[in-house]
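[1] Sequence and predicted structure, then a few things I'm wondering about:
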Amino acid sequence: MVTIKEIANRLGVSTTTVSNVIHGKTSEVSPATIELVQKMLKECGYVPNMGARNLAQNQSRIIGIVMKERKGRYTNLLSDPFYGELVGAVEKVIRSKGYYLMMNISDNMEDIIAGAASWNVDGVIMVSLDYEDVLELRKTYKKPMVLIDCCNCPEDAEEINITVDDRKGAYDVTEYLIRSGHKRMAYFAYNTQGISGVRYEGCIRALKDYGLPWDRESFPVVSVKELGLEGAFESVCYQREDFTAVICNADYYAASLINYMEDRGVSIPEELSVTGFDDNEYARLIRPHLTTVRQSVTDKGVRAVRILTDLINGKEYRERTILLPFKMVVRDSVKILR
């Protein structure tokens, strides 16, 4: 590979001048010289030695993103539109800021801790981890860290957590169903832990506030973890006379359930109302269009990168929990009973 010194000798300029052009420090370099150096760099196919540059600056220019996969939930985590959109948003902003992305997806926290501890990254974004896992990672990883959707993150946590008020979002969708005349509902989720559990609590709170029964018999939980996805769909189909609406924890579940029921002759929403959460592409592509809770997954990723790069550069934040807005989106998947 051609060196800066060789380029400088060919052009009859100093190595400092060539270096300044490469690194954008051109305030004291004439436009003609800049153009000359850039032309030579292009002709020679010069590629800066980023490793040496970053070593000199004591930075790797790499940001890590860590996602904990739940065993048995996905064959490919990024096939879920939530995670796919999030990673895409994070990568785009990271690249625009001159960083590179390193990603670790694992269902084993020990692997995650070992990986993060050995990475030479300037900061890490942790997605959907329990706060106990974050504390374990903190024992070995001391650089800046930003959390996304850490549902049990305390208000006085060292880390900044970016999320939405999932409990209130689930409350609102349950309240909408109640005001639409629905009194018998079911909750469809992977389980009732983590974010799924927080949303379940929101549903329960709405039922209590409106004086409706909220025990497991009156408000059953259809658990994908316990039944498997196909088994969960079969359970809804078998029990559909017991409730008039199903509150799904995610648009993916809602859209898949609608397809499953329609394939078996159950009309949505005439015979069963269905709601989701996220307002991703599934909500807009499925027929009938899905009533759901809209959150901006892209905004979560963008805010996480901006805050993390600020922390890397020494900026301090007083706010530890950043709640992004959400919105109920009413479409066609809920029948008005009164």
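    Cool, got the structure.

[2] Tell me the spacing between the residue nearest the centre of the chain and N280.
    Nearest to the mean C-alpha position of the chain, counting by C-alpha atoms, centre = their mean, stands L86 at 4.3 Å. The gap separating L86 from N280 is 11 Å, by C-beta to C-beta, to the nearest Å. (C-beta placed from N, C-alpha, C; glycine too.)

[3] ok, now G64?
    In terms of C-beta to C-beta, G64 sits 25 Å off from N280.

[4] still on that earlier bit, which residues do L86 and N280 both contact?
    V297 (C-beta atoms under 8 Å, 6 or more residues apart in numbering).

[5] For the stretch 151-300 of the chain, which segments count as helices?
    With helices called from DSSP state H, counting those that start in this stretch, the stretch 151-300 of the chain shows them at 166-179, 194-209, 224-239, 251-263, 281-285, 297-312.

[6] what residues are up against the residue lying closest to D166 once chain neighbours are set aside?
    Nearest residue to D166, sequence neighbours excluded (C-beta to C-beta, 6 or more residues apart in numbering): V198, at 4.6 Å. V198 makes contact with C151, D166, R167, A170, according to C-beta under 8 Å, 6+ apart.

[7] Can you tell me the element the spatially closest residue to L78 that is not a sequence neighbour falls in?
    Distances taken as C-beta to C-beta, 6+ apart place G84 nearest to L78, at 5.0 Å, with adjacent residues excluded. Following DSSP states H and E, one finds G84 within helix 81-96.

[8] now the angle from that helix to helix 251-263?
    140 degrees (axes from the mean of the first three to the mean of the last three C-alpha atoms, to 10 degrees).

[9] For helix 81-96, could you pull out the residues that count as buried?
    P81, F82, Y83, G84, E85, L86, V87, A89, V90, E91, V93, I94 (16 or more other C-beta atoms under 10 Å).

[10] where in the stretch 1-150 of the chain is pLDDT low?
    1, 48-60, 70-75, 117 (pLDDT under 70).

[11] which residues in it form helices?
    Using DSSP H, counting those that start in this stretch, helices in the stretch 1-150 of the chain cover 4-11, 15-22, 31-44, 50-56, 81-96, 109-118, 131-138.

[12] Quick one: list the elements packing against the second one.
    Applying 3 or more C-beta pairs under 8 Å, 6 or more residues apart in numbering; DSSP states H and E, we find helix 15-22 packed against helix 4-11, helix 31-44.
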